[in-house]
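>>> need a 3D model of the following:
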Amino acid sequence: MAMQGATLPKNRALVARHAAFTALGMIEAGAYADAALDRVMRQYGDLDGRDRRLVTELVYGCTRQLRALDGWIDRLATRSAQEQPPTLRNLLRLGLYQLIYLDRIPDSAAVDTTVELAKFCGLKGLSGFVNGLLRGYLRQKAKNPNPLTSVAGLEPVERLAQTYSYPNWIVQTWLDRLGEAETERLCQWFDQPPTIDLRVNTLVTDRETVMAALTAAGVAVTPIDHLPNALRLAAQRGHGDDSLTETIVTEPDSRSTNAPDNGRAWIATLPGYGAGWWTVQDASAQLVALLLDPQPGETVIDACAAPGGKAAHIAALMQDQGQIWAIDRAGSRLRKVQDTVRRLGLRSIRMVEADSTGGKAPLVTAARKRDRSRSKSGPISGLEEVPTQCDRLLLDVPCSGLGTLHRRADARWRQTPETVAQLVQIQRDLLDRADAWVRPGGVAVYATCTVHEPENGAIIRDFLQRHPHWAIEPPTPDSPLAPFVTAAGWLELWPHHWQMDGFFMVKLRRQP
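Predicted coordinates:
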């Protein structure tokens, strides 16, 4: 087993659980869940595919269900979960998660491996307590086969937040907009592993060719309604140690900077990946460039471009003819854009490392000469070369990500009303840049991957009130986007309705 400097369990059944336990300790110490998982996958390099999937399920599942699991510890122990030592707390979470959520693992195996893991981790004196608590849960389950009813009788916000493991404030925002029944459906949806969607690169192939190649390789795919170049991999969705979906990297249109190494490797083996036939991009994200509707020969600015999925889609819609300025403040994230551009064979995208919120106007004058001798293959620094005005502007702004909670297991615990308030100010500043960057008669699209009203409709209403020379331009009734349009003219996608990530997007046109 390739983990230097550490002794691993001799019992192979414990090794995967020990890896998950190690990752949970990193997360407890402040690491992001995907980064912790990536690290242990590298450390435990000899795990086979089944064990790696189990590690992924345990790490992401325990992180998502943190509140529900701790609730059970509170009910079954004399000391609350937060009063337990972190090492013991994570062991109990691992054991309970297997008993509650993993039907394919026998109860006896879940209990026995957790007890043995406690002994291996230096908690031999507490192994009896671990055994007693887990068997206490099984006794409760025998009396009541549906453990979710254990929180019945609470107020809706408490019942849903405890049952499905969310902070109260998130659930309350959904209750205010959707009501109890719809909110429960949404909570359930976000507790599932994500699907894997592909966008076909129409510059080099078509959807039928990609479908045929994947099907011939034994990979089941289905077209996605309303999206002419989208496919969904028919991987198993749901809990269990055979689930593949959470081991798959969701780049290039995921905000996540890390993914398990085996996910990247698996994606890269599929037909057409190396040839740039397709890229991984959720169905909702594919709607954004369609709403922008870029035309060949235009100048387009993607102000928050990394990791590059939408910029690449814009290039495809423009037949790779014109100028696309892909801006991001993080050079490390622009490298992901660069990788995508190279793999898909795109020539119209220029990468710029800069902060798009930096001032009320682009840091360039109309008379400034641009250095055309600089290579187009790598990012340039600063906004000096970016045009003073563009035909179309994409603002895929930083947001709370509350529409993609199924993709980021720890996101629900990292966001707070205070962090969202800071994001709202950044979003407002970025949208104000549209007034400086977009030419008269031009278009801006504002998009988020959240279902949180203060970051969506409230931002747009505020902008239009302060900038009356802008107006919402809804898609036409014959557009493939028409099914998603609200009465206000923008698109709002609730995941449990459309079976895709939660998104908000609106097309704004500046008066000529």
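>>> rest of the way, CA atoms for contacts and neighbours
Fine.
>>> residue 136 and residue 76 touch, don't they?
Yes - using CA atoms under 8 Å, residue 136 is in contact with residue 76, at 6.8 Å.
>>> give me the more crowded residue out of these two.
residue 76 (18 against 15; other CA atoms under 10 Å).
>>> quick one: average pLDDT of stretch 153-167?
Confidence for stretch 153-167, expressed as mean pLDDT, is 93.
>>> what is the burial count for the nearest residue to residue 293 once chain neighbours are set aside?
The spatial neighbour of residue 293 that comes closest, neighbours along the chain excluded (CA to CA, 6 or more residues apart in numbering), is residue 317 at 7.5 Å. Residue 317: 20 surrounding residues under other CA under 10 Å.
>>> and what of residue 441?
12.
>>> quick check: pLDDT value at it.
Predicted confidence (pLDDT) for residue 441: 97.
>>> go through this structure and flag its longest helix.
helix 417-437 (DSSP state H).
>>> and after whichever strand or helix holds residue 342, which helix or strand comes next?
According to DSSP states H and E, residue 342 maps onto helix 331-344. Next along the chain after helix 331-344, taking DSSP H and E as the criterion, comes strand 349-353.
>>> pLDDT of whichever helix or strand comes after that next one, averaged?
Downstream of strand 349-353, the first helix or strand assigned by DSSP H and E is strand 380-381. For strand 380-381, the mean pLDDT works out to 73.
>>> and strand 380-381, how far out from the chain's middle?
Put simply, strand 380-381 sits 28 Å off its chain's centre (CA atoms, centre = their mean, to the nearest Å).
>>> and for stretch 340-357?
Per CA atoms, centre = their mean, the centroid offset for stretch 340-357 relative to its chain is 21 Å.
>>> check stretch 128-135 too.
Computed by CA atoms, centre = their mean, the chain-centroid distance of stretch 128-135 equals 35 Å.
>>> in that stretch, what counts as buried?
129, 130, 131, 132, 133, 134, 135 (16 or more other CA atoms under 10 Å).
>>> let's check: the centremost residue of this structure is which one?
Closest residue to the average C-alpha location of the chain: residue 407 at 4.0 Å, with CA atoms, centre = their mean.
>>> relative to residue 176, how far out is it?
24 Å (CA to CA, to the nearest Å).
>>> repeat for residue 15
45 Å.
>>> of those two, which one has the most company?
Per other CA under 10 Å, whichever of residue 15 and residue 176 has more neighbours is residue 15, with 20 against 10.
>>> and the gap between residue 303 and residue 157?
In this view, residue 303 and residue 157 are 37 Å apart by CA to CA.
>>> neighbour count winner among the two?
residue 303 (25 against 22).
>>> residue ranges with poor pLDDT in the stretch 251-400 of the chain?
Residues of the stretch 251-400 of the chain meeting the criterion pLDDT under 70: 251-265, 358-378.
>>> what ranges do the strands span in this structure?
With strands called from DSSP state E, the chain shows them at 196-200, 221-223, 230-233, 278-280, 299-302, 323-328, 349-353, 380-381, 390-396, 438-448, 470-472, 491-493, 503-510.
>>> could you export these as TSV, including distance to residue 309?
Formatted as TSV, the strands of the chain follow (distance: least, CA to CA, whole Å):
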stretch	distance to residue 309
strand 196-200	9
strand 221-223	19
strand 230-233	13
strand 278-280	8
strand 299-302	11
strand 323-328	11
strand 349-353	12
strand 380-381	19
strand 390-396	11
strand 438-448	14
strand 470-472	25
strand 491-493	19
strand 503-510	15
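>>> so what's the residue count around residue 331?
Around residue 331 there are 18 residues (other CA under 10 Å).
>>> do the same with residue 163
When neighbours are defined as other CA under 10 Å, residue 163 has 23 of them.
>>> could you report the distance from it to residue 412?
14 Å.
>>> kindly report the same for residue 144.
Applying CA to CA to residue 144 and residue 412 gives a distance of 29 Å.
>>> now do residue 465
32 Å.
>>> ok, the two, which is more surrounded?
residue 412 (20 against 10).
>>> my guess is the more buried one contacts residue 168. True?
No - here residue 412 lies out of contact with residue 168, judged by CA under 8 Å, at a distance of 10.4 Å.
>>> what about the closest residue in space to residue 446 that isn't next to it in sequence, neighbour count?
Excluding the flanking residues, the one nearest residue 446 by CA to CA, 6+ apart is residue 395, at 4.8 Å. By the criterion of other CA under 10 Å, residue 395 has 24 neighbours.
>>> ok, residue 395 - contacts?
302, 303, 304, 430, 431, 444, 445, 446, 447 (CA atoms under 8 Å, 6 or more residues apart in numbering).
>>> what about 10 Å?
The neighbours of residue 395, taking CA atoms under 10 Å, 6 or more residues apart in numbering as the test, are 288, 301-305, 356, 427, 430-431, 433-434, 444-448, 505.
>>> with residue 448 instead?
285, 288, 395-403, 427, 455-456, 492, 502-506.
>>> and what of residue 346?
By CA under 10 Å, 6+ apart, the neighbours of residue 346 are 203, 276, 312, 315, 316, 319, 320, 321, 338, 340.
>>> ok, and the most crowded of the residues you listed?
Result: residue 312 is most packed of the contacts of residue 346 (other CA under 10 Å), 28 neighbours.
>>> now for the longest helix of the chain, which elements pack on it?
strand 390-396, strand 438-448, helix 457-466, strand 503-510 (3 or more CA pairs under 10 Å, 6 or more residues apart in numbering; DSSP states H and E).
>>> using CSV, write out every CA atom in it.
This file holds the C-alpha atoms of helix 417-437, laid out as CSV (Å, rounded to 0.1, in the frame of the first residue of the first chain):
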residue,chain,number,x,y,z
PRO,A,417,-25.3,34.7,5.5
GLU,A,418,-22.2,36.8,6.2
THR,A,419,-20.1,35.3,3.4
VAL,A,420,-23.0,35.6,1.0
ALA,A,421,-23.4,39.3,1.8
GLN,A,422,-19.7,39.7,0.8
LEU,A,423,-20.4,37.9,-2.5
VAL,A,424,-23.4,40.1,-3.2
GLN,A,425,-21.2,43.2,-3.2
ILE,A,426,-18.7,41.5,-5.5
GLN,A,427,-21.5,40.5,-7.9
ARG,A,428,-22.9,44.1,-7.8
ASP,A,429,-19.5,45.5,-8.7
LEU,A,430,-19.0,43.1,-11.5
LEU,A,431,-22.4,43.8,-13.0
ASP,A,432,-21.7,47.5,-12.9
ARG,A,433,-18.7,46.8,-15.2
ALA,A,434,-21.2,46.0,-17.9
ASP,A,435,-22.0,49.6,-18.2
ALA,A,436,-18.4,50.4,-19.0
TRP,A,437,-17.5,47.4,-21.1
